[in-house]
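Engineer: this one's structure only:
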């Protein structure tokens, strides 16, 4: 059975303090690994799709990387507006639906 | 990217009633999904909405409780039937956008239901 585990559950950073969020996964054939940002009361906002080990993608202060067992979301010099819950999800070859982790709640303080 | 509109965005429902959520996409999409997000939890897939045929439900979800329609490639509805307080959740419509270089899964803003 596919499993996605995110750590830490919650993270508090000072503005400018870089860090990484972890997503460990097991899946019967990975089609894609997805990262989303979710603000309270809103739907998930798409950030990245990664398809194979070694792949990296960047968007502003965010960089996502992928290995055969885990993915990292690196946040460089975060700002308070980066505060949100970050969700990781895997998509297996058997379909296109996503299996989500429980998320990491990030708080960036000034 | 696909723009997804959901209605209602928020509602308070009486126990025992049913509510239908609408999902409209601004372009034709092959795949549409419905997810549930219970308070403080992550997203759980309810079903895949199939155009012109019965939806495919995940374990723990049944058609009598969550009937789904998908009459065309841009529209779907999810009904939450005979609601109880345990059905208080955000219900999210999602679509898969496929291109030659990969696929992206987009979500609507969600429908936040509170059952009293």
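Structural biologist: Received it, and whenever you're ready, just let me know what you need. None of the values given here were measured: they were computed from a predicted structure.
Engineer: does chain A have contacts with the strand ranked longest in chain B?
Structural biologist: The strand of greatest length in chain B, counted in residues with DSSP state E as the criterion, is given as strand B:89-99. Yes - Strand B:89-99 lies in contact with chain A when judged by CB under 8 Å from any CB of the partner chain; the contacting residues are B:90, B:92, B:94, B:96. The way it works is simple: take the backbone N, C-alpha and C, and place the C-beta from them, glycine included.
Engineer: of the residues you listed, closest to chain A?
Structural biologist: Nearest to chain A among the residues of strand B:89-99 next to chain A: residue B:96, at 4.6 Å, using CB to the nearest CB.
Engineer: find the nearest non-adjacent residue to residue B:44, please.
Structural biologist: Spatially, and ignoring its direct neighbours in sequence, residue B:44 is nearest to residue B:36 (5.2 Å; CB to CB, 6 or more residues apart in numbering or on different chains).
Engineer: low-confidence stretches in chain B?
Structural biologist: Under the criterion pLDDT under 70, no range of chain B is flagged.
Engineer: interface residues of it facing chain A?
Structural biologist: Taking CB under 8 Å from any CB as the contact definition, chain B meets chain A at B:1, B:4, B:31, B:33, B:41-45, B:48, B:90, B:92, B:94, B:96, B:102-110, B:112.
Engineer: just the buried subset of those residues, please.
Structural biologist: Buried subset of these (neighbour count, 16 or more other CB atoms under 10 Å in any protein chain shown): B:4, B:31, B:33, B:42-45, B:48, B:90, B:92, B:94, B:96, B:103-110, B:112.
Engineer: filter the residues you listed down to the ones in strands?
Structural biologist: Per DSSP E, those map to strands at B:4, B:31, B:33, B:43-45, B:48, B:90, B:92, B:94, B:96, B:103-107, B:112.
Engineer: and the residue of chain A closest to chain B?
Structural biologist: Each residue of chain A has a distance to chain B, by CB to the nearest CB, and the smallest belongs to residue A:43, at 4.1 Å.
Engineer: so who does residue 11 touch?
Structural biologist: The chain I'm using is chain A. Under the criterion of CB atoms under 8 Å, 6 or more residues apart in numbering or on different chains, the neighbours of residue A:11 are A:19, A:21, A:104-107.
Engineer: the chain in question should be chain B.
Structural biologist: Contacts of residue B:11 by CB under 8 Å, 6+ apart are B:19, B:111-114.
Engineer: try it again with 7 Å
Structural biologist: B:19, B:113 (CB atoms under 7 Å, 6 or more residues apart in numbering or on different chains).
Engineer: which residues of chain A lie near chain B?
Structural biologist: Counting by CB under 7 Å from any CB of the partner chain, the positions of chain A adjacent to chain B are A:32, A:34, A:41-44, A:46, A:49, A:51, A:87, A:96-98, A:100-103.
Engineer: tell me which residue is most central in chain B.
Structural biologist: Relative to the mean C-alpha position of chain B, the nearest C-alpha, by CA atoms, centre = their mean, is the one of residue B:34, at 3.1 Å.
Engineer: which strand residues bridge that residue?
Structural biologist: With DSSP bridges applied, the residues forming beta bridges to residue B:34 are residue B:47, residue B:93.
Engineer: quick check, it in contact with residue B:78.
Structural biologist: Yes - counting by CB atoms under 7 Å, a contact exists between residue B:34 and residue B:78, whose distance comes to 4.8 Å.
Engineer: from the chain's centroid, how far away is stretch B:79-98?
Structural biologist: In terms of CA atoms, centre = their mean, to the nearest Å, the gap separating the centre of stretch B:79-98 from the centre of its chain is 5 Å.
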